[in-house]
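J.: build me a model:
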Amino acid sequence: MQNGTEANATRSQSLLKVRKYDFSGVLSPKKGFDVSRKEILNSLRDCAKVIGCRRITIKQYDAWPHRVLCSRQIAVRFGGWDIALTEAGLEVRTTSTGNAVEMVELFMDCWEDCNDVPTIKTLSNHLYKINSKFSPTMYSRYFGGLRRLAIKIVKYKNGEISENQLLDKFCKKGADRGSISAKLRYTVFERDQFTCVSCGRSSKRDSVRLEIDHKIPVSRGGTSELSNLQTLCIDCNRGKGKICV
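T.: As a prediction, the model looks like this:
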């Protein structure tokens with residue numbers, strides 16, 4: 001271990017110039033990370049109670065004087081504003097086809113103004129400038145990311161996909177099955193009395209295999225909420241799949 005004299009000698013031989021600036025400040029905790037995830041979730045729930053609605057917007061939360069962090073910091077912590085709302089047990093605003101049209105139009109407006117494919121930063125600035133109700137997070141949630149949307153727009157302009165395909169909500173393969181927990185699956189079966197809601201056959205009486213089906217397919221914007229789930233036997237579920245195709 002160096003003593004004080006040896007340390008001073010080493011500094012005098014250093015290739016770096018002596019600076020008076022205090023660099024210790026950069027070692028302090030990153031802003032926003034000194035608040036626990038539990039505190040953030042409780043803050044979101046408290047804000048929803050004050051507003052009296054289970055669906056709160058970014059503007060509503062940022063305007064709340066008792067928030068623990070701003071919405072942007074929360075989005076960074078959880079990987080997205082909507083993800084944080086979901087973990088807090090709050091409702092997430094869905095995007096209708098009409099909104100999808102407006103979102104695509106705004107995205108292409110930004111593309112033309114910047115003369116380049118919009119990034120999160122340029123799109124965010126554009127949406128802020130026009131006081132839009134949309135956010136980059138909503139684009140990522142609905143279209144699966146800005147780059148994915150940009151590619152779809154190019155394909156649409158080249159006549160490779162239809163307008164409906166351009167406006168379709170992105171759905172990650174397997175997300176519909178993976179999002180249904182064992183507890184939720186049993187709840188659906190119990191609610192439907194372990195009976196196929198289509199043909200009436202029962203797993204106990206008819207020894208038929210039952211499955212969980214999405215009334216509105218995930219590919220068309222359906223969710224894995226209890227109200228969108230139903231019990232079907234394997235035959236009815238496969239038959240429904242063929243009709244949908």
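J.: and the strand or helix carrying residue 139, what other elements does it pack with?
T.: Assessed by DSSP states H and E, residue 139 sits inside helix 136-143. On a contact count with 3 or more C-beta pairs under 8 Å, 6 or more residues apart in numbering; DSSP states H and E, helix 136-143 meets helix 81-87, helix 97-114, helix 120-129, helix 146-157. C-beta coordinates here come from the backbone N, C-alpha and C atoms, glycine included.
J.: how about those, which one is nearest residue 226?
T.: helix 81-87 (15.0 Å; C-beta to C-beta).
J.: show me what counts as buried in that closest one.
T.: Within helix 81-87, the residues scored as buried using 16 or more other C-beta atoms under 10 Å are 81, 82, 83, 84, 85.
J.: and the helices in this structure?
T.: With DSSP state H, the ranges of helices along the chain come out as 4-12, 37-51, 58-62, 71-78, 81-87, 97-114, 120-129, 136-143, 146-157, 163-167, 175-178, 182-191, 234-244.
J.: single out the most deeply packed of those.
T.: helix 136-143 (a mean of 21; mean count of other C-beta atoms under 10 Å).
J.: identify all contacting residues around that helix.
T.: Here helix 136-143 makes contact (C-beta atoms under 8 Å, 6 or more residues apart in numbering) with 75, 80-82, 92-93, 95, 100, 103, 107, 120, 123-124, 127, 145-146, 149, 152, 169-170.
J.: recalculate using a threshold of 7 Å.
T.: With contact meaning C-beta atoms under 7 Å, 6 or more residues apart in numbering, helix 136-143 is reached by 75, 80-82, 95, 100, 103, 120, 123-124, 146, 149, 169-170.
J.: okay, the angle between it and helix 71-78?
T.: Relative orientation of helix 136-143 versus helix 71-78 (axes from the mean of the first three to the mean of the last three C-alpha atoms, to 10 degrees): 50 degrees.
J.: domain map for this protein?
T.: Here the domain parsing of the chain from automatic domain parsing is 37-87, 97-167, 175-244.
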